[in-house]
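Visitor: heads up, no residue letters with this:
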């Protein structure tokens, strides 16, 4: 009797190391075609909804960029964490706290407030996300708590804090009993780039973030220390790099970018604090980071792809009568096919006989 065994490749293909995300996307599309057919829908129309409708007009492209901006910002911070071997799975909670902190500043504005309030609003979002990520860093640093579990559990705490505020002290008394804050004043809204489009300065901040993270990771000693600590902790300690500093740096950067994304979302497209601020961006950004190969430039393209899935899922619900959860299905398919492709890049399948011979 023969059996299959995964055997590590002596030298993984450099081409497929970077090409596997494209192969994973192709596999996702093929599986998606089969899925549409099984659901009794036209596969061509289904693919058109996901991959053509989001880019067919300038307004559609603007909406695509609006969705991609928070995904890219959060993924940039997660890339720093993952390259440092710090597993921050709770970016969604940091995103929510950033939105809450920014809303606290926005609600202080009145009709006489100037546009200067946007700066402290965004800073509050960054600091809110950093503070929430700092809880994870503190528990890992002082008590050696597992950052995966701590950061993930803090997401649910953040959701409860949000619910308390929008159902309680921040609830709009003129909002017909809906659980939401009052609409922010115009001065507390993020400036838009073009008339007739919801694109705002968030996309510019995200592109600045791409350049900043690239410089930090690949052109600074601190970024080098982060990556050495992730790849070889023993060598990092031998070189005199502080693992404690790497932990705090990674989580504070990740929390700051997630908080900034939350601030941009509530002061941009949403315009108020609602229970629907948690949109799953913090979890989807994990897929964005890995599909983009933890590289700032690669994550620009993967964020656009993931935003296509978000918009495509919404359109599939309204135009094809499919559940909105199809977005999550495509995200999961992309992640699992990427994991499968990466496994075959680094390992090969070998048939072994009972005795273990090839």
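Guide: On my side now, so go ahead. Keep in mind that this is a model prediction, so the values were computed, not measured. Residues are numbered from 1 along each chain as shown.
Visitor: residue closest to the middle of the protein?
Guide: The centre of the chain sits closest to residue 285, judged by CA atoms, centre = their mean, with a distance of 2.0 Å.
Visitor: residue 6 in helix, strand or coil?
Guide: Under the three-state scheme (DSSP: H, G, I helix; E, B strand; the rest coil), the conformation of residue 6 reads as strand.
Visitor: the residue nearest to the centre of the chain and residue 71 touch, don't they?
Guide: Yes. Applying CB atoms under 8 Å, one finds residue 285 in contact with residue 71, separated by 5.2 Å. Backbone N, C-alpha and C define where each C-beta goes, glycine included.
Visitor: what sits in contact with each of the two?
Guide: When contacts are counted by CB atoms under 8 Å, 6 or more residues apart in numbering, residue 285 and residue 71 have residue 303 as shared neighbours.
Visitor: strands of the protein, start to end?
Guide: Across the chain, reading from the start of the chain, the strands by DSSP state E fall at 3-8, 347-352.
Visitor: deepest-packed of those strands, please.
Guide: strand 347-352 (a mean of 12; mean count of other CB atoms under 10 Å).
Visitor: quick one: that strand to strand 3-8, angle?
Guide: Taking axes from the mean of the first three to the mean of the last three CA atoms, to 10 degrees, one finds that strand 347-352 is oriented at 140 degrees with respect to strand 3-8.
Visitor: which helices and strands sit right next to strand 347-352?
Guide: Counting contacts by 3 or more CB pairs under 8 Å, 6 or more residues apart in numbering; DSSP states H and E, strand 347-352 packs against strand 3-8.
Visitor: partner strands of the strand it packs on, parallel or antiparallel?
Guide: Applying DSSP bridges, strand 3-8 is found paired with strand 347-352 (antiparallel).
Visitor: and residue 349, what pLDDT?
Guide: pLDDT, residue 349: 83.
Visitor: quick one, what contacts it?
Guide: Taking CB under 8 Å, 6+ apart as the criterion, residue 349 is in contact with 4, 5, 6, 7.
Visitor: okay, buried residues for the worst-scoring helix or strand of the chain on mean pLDDT please.
Guide: Between all helices and strands in the chain, the lowest mean by mean pLDDT, DSSP states H and E belongs to helix 233-238, at a mean of 78. Buried residues in helix 233-238, defined by neighbour count with 16 or more other CB atoms under 10 Å: residue 236.
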